[in-house]
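**Student:** How does the following fold in three dimensions:
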Amino acid sequence: MGTVRGAAFAARNQFGIFDFVTVEGIRLRYFETGAEMPPVVLLHGNGSIIEDFVCSGVMDHAASRFRFIAFDRPGFGYSERPEGRAWGPSEQAKLLLNALARLDVERPIVVGHSWGALVALAMALERPEEVAGLVLLSGYYYPVPRTPTVLASAAFPFTSEVLRHTVRRLMAPETLRRVFAPCIVPERFKRAYPLDLATRVSQMKTVEEEAAGLLHAARTLSRAYRNVSVPVHLIAGSDDRIVDTELHSARLHRELGNSTFHCVAGRGHMVHHAAPDKVIAAIDSISWDRRGIPRIVALDKSQRSWLHIGENLAAA
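**Tutor:** The predicted model follows:
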């Protein structure tokens, strides 16, 4: 069947545990912390790992109220990614849904960042009855051609794979600067994020695969967005230099009748680091709906959803 990328690792940190779950013969690393219910699943973007969410601040003040489960998606961090099979959003979604069943996680709120947002959408499309709602951060949702960035599968003029990945590792600090821009890279991220793990040759190969497959993944999945039936909260930065917020998050909000959109002024692609409170508020909102507790929501007479831009409201 080909080789398997990934490695074994499990450890406990000060406020949660890293461990493994094996599904379909594939080992996936996950991190778990917090209360028993309700569950919240966190899915990172291309090139990242669990620790991105661990040091983002999203879980800091909400662990007493939610059961957080973050995964290394297949091929990232210490999760395996067998070669010789497709690894698009739908394939990853099915695997993760099966992993959640193995962990006795029922109807989670799924938070996806960037490429992880596509996987989150695929989870809601594959088995909507098993997903309470989605919080989508800085996602790339439509097959809009774009200028290659440091996140994309840049065409380095090297025939040696090892040399190409060595160059990528050397570029890592500049890559981070551009991904966080216009915000600075947080000190907490610099201290806690294991850059060596995130820039291993095996992970860089996965990064290239996902970058190369991004247009196809978005093209395929976008045909089904009209079938998304769960609540969706979209959050993105107004100054995202990796994914155009207007062409993706704002457009998806217009397409989905059951969505809200918060455009965070002056923030970039790593909106979960820049505005974790917005992410927690969106999780809270779906949590209330999940429990079936009526909420008083102020809407105008036309019952339109609201587009949040900075601190202002504009009818969407």
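
**Student:** Which pLDDT value goes with residue 15?
**Tutor:** pLDDT recorded at residue 15 is 77.

**Student:** Let me know whether it touches residue 63 as I believe.
**Tutor:** Yes: assessed by CB atoms under 8 Å, residue 15 is found in contact with residue 63 at 6.7 Å. Where C-beta positions appear, they are placed from N, C-alpha and C, glycine not excepted.

**Student:** so what sits against both of those two?
**Tutor:** Both residue 15 and residue 63 are in contact with residue 33, where contact means CB atoms under 8 Å, 6 or more residues apart in numbering.

**Student:** okay, these two: which has more neighbours?
**Tutor:** Set side by side, residue 15 and residue 63 show more neighbours around residue 63, with 16 against 13, by other CB atoms under 10 Å.

**Student:** where in the stretch 201-316 of the chain is pLDDT low?
**Tutor:** 290-316 (pLDDT under 70).

**Student:** now residue 80: how far from residue 19?
**Tutor:** To residue 19, residue 80 is 14 Å away according to CB to CB, to the nearest Å.

**Student:** These two: which is more packed in?
**Tutor:** Between residue 80 and residue 19, counted using other CB under 10 Å, residue 80 has the larger neighbour count: 21 against 15.

**Student:** Tell me if I'm right that that one and residue 29 touch.
**Tutor:** No: with contacts counted by CB under 8 Å, residue 80 stays clear of residue 29, the gap being 9.1 Å.

**Student:** ok, for residue 60, nearest residue in space, not its chain neighbours?
**Tutor:** In space, and not counting its chain neighbours, residue 60 is closest to residue 276: 7.4 Å by CB to CB, 6 or more residues apart in numbering.

**Student:** residues touching that neighbour, list them.
**Tutor:** Residue 276 touches 56, 57, 58, 60, counting by CB under 8 Å, 6+ apart.

**Student:** at 6 Å instead, please
**Tutor:** By CB atoms under 6 Å, 6 or more residues apart in numbering, the contact list for residue 276 reads 56, 57, 58.

**Student:** Equivalent analysis for residue 237, please.
**Tutor:** When contacts are counted by CB under 6 Å, 6+ apart, residue 237 touches 264, 267, 268, 271.

**Student:** let's see 8 Å
**Tutor:** 138, 245, 263, 264, 266, 267, 268, 269, 271, 274, 275.
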